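Enquirer: Below: sequence and its predicted model.
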Amino acid sequence: MFKTVLFPINKSQETLAATEVVMDIVKTYGSHLMLLSVLENEVTEEDGSRDPMTSHEQIAELLNKVQSGFSKNGIEAQILERQGNPAFTICDVADEMDVKLIIMGSRGVGLTEEGPKDSITNQVINLSPCPVLIIP
């Protein structure tokens, strides 16, 4: 049913929480797992420091760490690093790789009246070429 599963990751607690669900689904359906991290275009904090997720090294380290965790549980995962707008990139990869399910954690950001359109999760739900499972 879910031949290929895409798991977009970042260093949030929500990503960690979603990991267990991803493991269960991949094992249950014998899915091919793809881990994706998106390098956003240069993002600077107000104090002038860079957001650590804009570093290739940070993303590579995160991808390898998460891949190792899956490997310890008997799940092989392909890793992908892309650059661009996270929501658009996630959906583009899902379309290119014929992904059957996207699983992602949600921070709950953008679920208020002030900014529902700004949420990456909300954008992925609206743009995705396949079902999206959101783990709160």
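Expert: Cool, got the structure.

Enquirer: tell me the pLDDT at the closest residue to Met23 other than its chain neighbours?
Expert: The shortest distance from Met23 to any non-neighbouring residue, by C-beta to C-beta, 6 or more residues apart in numbering, is to Asn73 (5.7 Å). Any C-beta I mention is one placed from the backbone N, CA and C, and that applies to glycine too. Reported pLDDT at Asn73 in the predicted model: 94.

Enquirer: Quick check: Asn73 vs Gly84, distance?
Expert: 30 Å (C-beta to C-beta, to the nearest Å).

Enquirer: picking up where we left off before, against Asn10, how distant is the residue nearest to Met23?
Expert: With distances taken as C-beta to C-beta, Asn73 is found 20 Å from Asn10.

Enquirer: ok, those two, which is more surrounded?
Expert: Legend: neighbour count by other C-beta atoms under 10 Å for Asn73 and Asn10, higher for Asn10 (17 against 11).

Enquirer: List phi and psi for the more buried one.
Expert: phi -140, psi -170 (degrees, to the nearest 10).

Enquirer: Packing partners of the lowest-mean-pLDDT helix or strand in the chain?
Expert: Between all helices and strands in the chain, the lowest mean by mean pLDDT, DSSP states H and E belongs to helix 56-72, at a mean of 89. Applying 3 or more C-beta pairs under 8 Å, 6 or more residues apart in numbering; DSSP states H and E, one finds that helix 56-72 makes contact with helix 13-29, strand 32-39, strand 77-83.

Enquirer: most tightly surrounded among these?
Expert: Each of the helices and strands packed on helix 56-72 was scored by mean neighbour count; the highest is strand 32-39, a mean of 21, by mean count of other C-beta atoms under 10 Å.
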